[in-house]
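1. Please work out how this folds:
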Amino acid sequence: MPAVRHPFLNVFELERLLYTGKTACNHADEVWPGLYLGDQQLPTSSTGR
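-> Predicted structure coming up:
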């Protein structure tokens, strides 16, 4: 099975993606699977995920 490669972003690239993304005002956005950035506290599900 081939190795899975994940692209890594430097800070400049991440900042560019965040500023040039969707124009909708979201309080939290999933920027990577399971990784959220935002300006509010998100509730934790009952499964602890």
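2. Averaged pLDDT, the one helix or strand E15 maps to. What do you get?
-> If you go by DSSP states H and E, E15 is part of helix 11-19. The average pLDDT for helix 11-19 rounds to 80.
3. got it, and stretch 30-49?
-> In this model, stretch 30-49 has a mean pLDDT of 70.
4. please renumber so the chain begins at 274
-> OK, 274 is where the count begins now, so the last one is stretch 303-322.
5. Start and end of stretch 287-302, how far apart?
-> The first and last residues of stretch 287-302 sit 13 Å apart, counting by Cα to Cα, to the nearest Å.
6. Could you tell me which residues make contact with L310?
-> L291, A301, D302, V304 (Cβ atoms under 8 Å, 6 or more residues apart in numbering). From N, CA and C alone the C-beta is placed, and that goes for glycine too.
7. Can you tell me the SS state at it?
-> On the three-state scheme (DSSP: H, G, I helix; E, B strand; the rest coil), L310 is labelled strand.
8. where's it relative to R289, distance?
-> 14 Å (Cβ to Cβ, to the nearest Å).
9. How about E303, nearest residue that isn't a chain neighbour?
-> Of all residues not flanking E303 in the chain, Y309 sits nearest, at 5.4 Å (Cβ to Cβ, 6 or more residues apart in numbering).
10. my guess is the one you found contacts H300, does it?
-> No. Judged on Cβ atoms under 8 Å, Y309 makes no contact with H300 at a distance of 9.8 Å.
11. before we move on, the earlier item: out of the contacts of L310, flag the one nearest to L282.
-> When those are compared for distance to L282 (Cβ to Cβ), V304 wins out at 9.4 Å.
12. what number of residues lie near L287?
-> 14 (other Cβ atoms under 10 Å).
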